[in-house]
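Novice: curious how this folds, go ahead:
(3 chains)
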Amino acid sequence: MRPDWERGLNPEQLDAVETIEGPLLIIAGAGSGKTRVITFRIAHMLDEGIAQHSILALTFTNKAAREMASRVREITGKKLQGLTVSTFHSFGVSILRKDIGLLGYRDNYSIYDEADRNQLIKDCAREQGYRMEAFDAWKVGALFSEITAGVRDWSRADDSYKDLYAEYRRSLKIFNAVDFDDLIGLPIRIFDDHPATAAEWRLRYRYVMIDEFQDTSLQQYRMMKLISGDNVCVVGDDDQSIYSWRGANYENIMQFERDFPQRKEIKLERNYRSTSTILDAANAIIQNNDNRKEKALWSPAGLDGGLIELYRPDDDGEEADFIATSIRAAKVEEQRKWDEFGILIRTNNLARRMEESLLAQDIPYRISGGSSFFGRKEIKDIISYLRVIANPDDDINLLRIINTPRRGIGKTSIERLNTIARAMGSPIRTAMEHAAARDGIPLREGGGEAVTQGGSPSTEEPAFALSADPPGAGKDIPADDGVPRLGDKAIADVSALLELLDQWRDELLGKKRIADRVRKLIDAIDYWGYLIEENRQNDKAAKWKFHNVETFINMIKDWEEDPDNLDPGLFAWLNRITLVTRDDDSDEEGGKVNLMTIHAAKGLEFEVVYIAGCEDGIIPHARSLEEGGEIAEERRLFYVAVTRARQRLIITACAKRRKLKALVDCVPSPFLSEIPPHLISMREMASEVSEESAEAMFSKMKGMFGGEGDGLVDGGTDAPKPSPKRPERKRVD
DNA sequence: GTGTTTACTTTTTTT
DNA sequence: AAGTAAACAC
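Specialist: Below you'll find the predicted structure:
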C-alpha cells in the first residue's frame, strides 16, 4: 500500500520528498509538480512514523489547502485527523481560539471582514467628527491594514489618522472583534509576549511546510519563524509572486536563505504540465523581468501541441460569445469535459459579460471571486444574526439586524442607543440592556412573556443599570442631561429583541444540529415574511433569495454532517465562512467550466485556457501602475495565466470594450508582443466560428421553447437570473 | 418613526 | 448601471 517513491518522481523531486529533517528551500517553477512533491513529502513523513499532529502545512488559499489535504488522503488512504493543512489565516484563527484570552479578548470573538472593517471605521470617523462626504473608508482601511500588518508606520503615513486608528482599535476590543490582519498579528503578539505559549506551539509542530512562499508577507514570515524550529520547508517561485499589493514580499526567499544558512536548496524546473509551445512562450515572457532567480522551464517529454491562438473580437460582447461557442465546439470535437476549461480574467468585473454568454449557451460554470454567495444581502442578514448570537457585543452585526426584519427600532432609537453606548464605553448590547432595565423593564422578570429559563449566562445585569445614582465608577451615565432616553415603544421593542437573542443564544450555542435550529430561527424572526414584504413588486427576486437562504441552511447541514469535520458548532462555522470568501465547495458532478481571476487560478491547471481581455490597461492594469505597482508584477501575473494551460491556450483581445457606458478603443496588451511570433497563430473571427455559433444558438433556442431548462448555475449576480430569453445578441441601441 | 426619492460614487487582485 | 447614503415626505 505504501506508494513507490521512486516511480513517477524525478531525481530532484525525490530528493525533496526524502529530505524531511532540516531547513529546505524548494524553488519550484510553474507546473513542476510542486503540489505533488509537497503531498508526497507529507505522505513520506507519515510513512516514517511521524505523527499527523506534529505536521503543519500552510498554504495561501483555501482552495490550495483543500486540494492538498485531499491529495494526501488519496495517496495515503489514511484518515487525516491530526494533520493541519490550512491557510495562514485559518491557522491564526485556531491559535486565537485557544489562546486569545491571553490578550484580554473573550474566545467568542468575531472576525470582521473588509466590509465590516470599513463600516466600523466609518462609524468611528463619524464619531470623531470627520466630514463624511470627504471620507474614504476604503483608503483609510487599506492604510490601517498596513499599519496593523507592520508594513508601514506612522512616520511614513498620514498621521492625522492616528487618533482614528486608536479609536478603531479600541472599538474592536470593545466589540470583542478582530480583523483579518489581526489573525496574523495577534498570534504573533501572543508568541512574543508569552514565550511559554509559543514554546508549546513550537513543540507541537515539529515539521512545518509552507507553500507559495513568495506570497508570504513580512508578518507571515515572522509567524513562521516563531512557530517553527529547524524542520522548515518552504516552497516558492519568485516568478509567480503576484500579491505584493497585499504585503507579500518575495524577498522572504532571500531572508530565508539568510536565516537558514545551513539550508538545503532544490530547484524544480522540469515542467510536466504544458506543451513546449506554451512553455517557450512563458519563458520568453518572464525573461523580460530582471532581478529574478534565473531559471527556465523545460519539458522532458517535449509535449507537442498547436500554436497559441490569438483572437481579436470587435467588442467584449463578441469576445464572451466567442469564448462560449468555442468551448461548446471544443467540448464536442475534442471530447472534453466542462471542467477541463478555464477562463481567466484580470478583474472580476470582466466576469459579468462572460457569465451572460455562458448562461445563454447553457454552459455550466463555476465562478470564484466577486460578490460571493456570502456577500448576498439575505445571506449576510442571517449570518449577522448568528454572529450576534455568538458574540452579543458585536456591534457591526447587531446594527445590521437590529431592524431587519422591521421591528420598530428606527434611526432615532439607534442613534440614541449609540450615544448611550459611547458614553458608557461599551457595546450597544450593554446600552440596550441599560435602556431596557432603567425604565422598569428588568430583563429578569420579562414583560410577562415566557422568560422562564432562569439566568441566561449573558444577562448578568450591569451594576449601574438600575441605580439612578451610579457608584462613581467614572464611566457612568449622568442622570438626565446629555444622555438620551428611549421612547416607551422603542424600549419594548428593544427588550423583545434582547429576549429573542438570549433565547436563541441558548438554543444555538454549543449545540449540535445547528442547521435545523437556524431554520427555526429564521422562521421565528419571520424572515420569509420580510423577504416577501421587501420584494413586493418582484416575487421572483423573493423566490430567488428564499432559495439562497435554503442553500445556506443546507450548506451548514452538509458541513456539520461531514464526518471529517472534527469541530462542528456555531463558532467554528462562523469562523470558517469569514475566511472562505468563495462558494468554492460546490459539487463536482460532471464538472463545470471555471471562470476566475488570474489570482484565483494560481496553483491550478486546465487543459484549455482562455485568457480574456488581454488589452493594455487591463492586463498591465492601469490602476495598478498608477498606484505604484510594478509592471514586473503584472508581467508575472500574465506569466501565471499562461502557465495554467496544459494543451491549448487561447488569448482574446478586443478592439473595443464597453467601459462604464461608452465604447472605448482598446490596444492589445504589450505582453502579447513578448511572445515570439512564430508561436502564435493570429485568427480572424472566422466565418466557421459564426456558423458554429449560429448552430449553437439555434439548438439553444430549441431547448428554450422545449422545456424551460432551469439551468440555474451557482455563482452569478445577485438579481434573479435574467432568464436567458434572448439567445441572440441583440443590438438595440 | 418609517417609507420613498434623489444624488452620487465605484473595488484590481484575496485572506 | 447599480448599489448606497443622505434628503425628503408622510
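Novice: okay, now the closest residue to DNA strand C within the stretch 251-400 of chain A: neighbour count?
Specialist: Of all residues in the stretch 251-400 of chain A, the one sitting closest to DNA strand C is residue A:377 (6.5 Å; CB to the nearest atom of the strand). Every residue, glycine included, has its C-beta placed from N, CA and C. By other CB atoms under 10 Å, 14 other residues sit near residue A:377.
Novice: check what pLDDT it gets.
Specialist: Predicted confidence (pLDDT) for residue A:377: 80.
Novice: up against DNA strand C, what does the stretch 101-250 of chain A have?
Specialist: Residues of the stretch 101-250 of chain A that fall close to DNA strand C, judged by CB under 7 Å from any atom of the strand: residue A:132.
Novice: which parts of the stretch 101-250 of chain A are strands?
Specialist: A:110-112, A:177-179, A:207-210, A:232-236 (DSSP state E, counting those that start in this stretch).
Novice: again, but for the stretch 451-600 of chain A
Specialist: For the stretch 451-600 of chain A, the strands defined by DSSP E, counting those that start in this stretch cover A:593-597.
Novice: mean confidence score for stretch A:119-126?
Specialist: Taken as a whole, stretch A:119-126 has a mean pLDDT of 82.
Novice: my bad, stretch A:257-274
Specialist: The pLDDT scores in stretch A:257-274 average 92.
Novice: contact partners of that stretch?
Specialist: For stretch A:257-274, the external contacting residues (CB atoms under 8 Å, 6 or more residues apart in numbering) are A:10, A:12-13, A:15-16, A:19, A:22-34, A:37, A:225, A:232, A:256, A:279, A:282, A:295-301, A:303, A:605, A:643, A:645-647.
Novice: quick check: pLDDT value at residue A:470.
Specialist: We have a pLDDT of 33 for residue A:470.
Novice: now do the SS call for residue A:609.
Specialist: Taken by DSSP: H, G, I helix; E, B strand; the rest coil, the conformation at residue A:609 corresponds to strand.
Novice: next, the contact list for it, please.
Specialist: Residue A:609 neighbours (CB under 8 Å, 6+ apart): A:341-344, A:641-642, A:644-646, A:648-650.
Novice: list the beta-bridge partners for it.
Specialist: Note on residue A:609: beta-bridge partners residue A:342, residue A:649, judged by DSSP bridges.
Novice: for it, give me the pLDDT.
Specialist: Per-residue pLDDT puts residue A:609 at 96.
Novice: next one: residue A:129
Specialist: 75.
Novice: pull the number of nearby residues for it.
Specialist: Going by other CB under 10 Å, the residues that sit close to residue A:129 add up to 7.
Novice: what's the answer for the one 5 residues further on, then?
Specialist: The burial metric for residue A:134, expressed as a neighbour count using other CB under 10 Å, is 6.
Novice: also residue A:269?
Specialist: 15.
Novice: tell me the phi and psi of it?
Specialist: With angles defined as degrees, to the nearest 10, residue A:269 sits at phi -120, psi -10.
Novice: roughly how far does the residue nearest to residue A:337 when sequence neighbours are not counted sit from residue A:641?
Specialist: Closest residue to residue A:337 apart from its sequence neighbours, by CB to CB, 6 or more residues apart in numbering: residue A:591 at 4.8 Å. Distance of residue A:591 to residue A:641, computed by CB to CB, to the nearest Å: 21 Å.
Novice: residue A:262 - that's part of a strand, no?
Specialist: No. Read with three-state DSSP, residue A:262 is coil and lies in no strand.
Novice: for the stretch 301-450 of chain A, which segments count as strands?
Specialist: According to DSSP E, counting those that start in this stretch, the strands that the stretch 301-450 of chain A contains are A:308-311, A:341-345, A:365-367.
Novice: ok so, going back, more crowded one of residue A:591 and residue A:641?
Specialist: residue A:641 (29 against 15).
Novice: how about that one, what does it touch?
Specialist: A:344, A:598, A:601, A:609, A:611.
Novice: close enough to count as contact, residue A:674 and residue A:286?
Specialist: No. Residue A:674 lies out of contact with residue A:286 (CB atoms under 8 Å); the separation is 9.0 Å.
Novice: which one's more surrounded, those two?
Specialist: Counted by other CB under 10 Å, residue A:674 and residue A:286 do not tie: residue A:286 has more neighbours, with 26 against 16.
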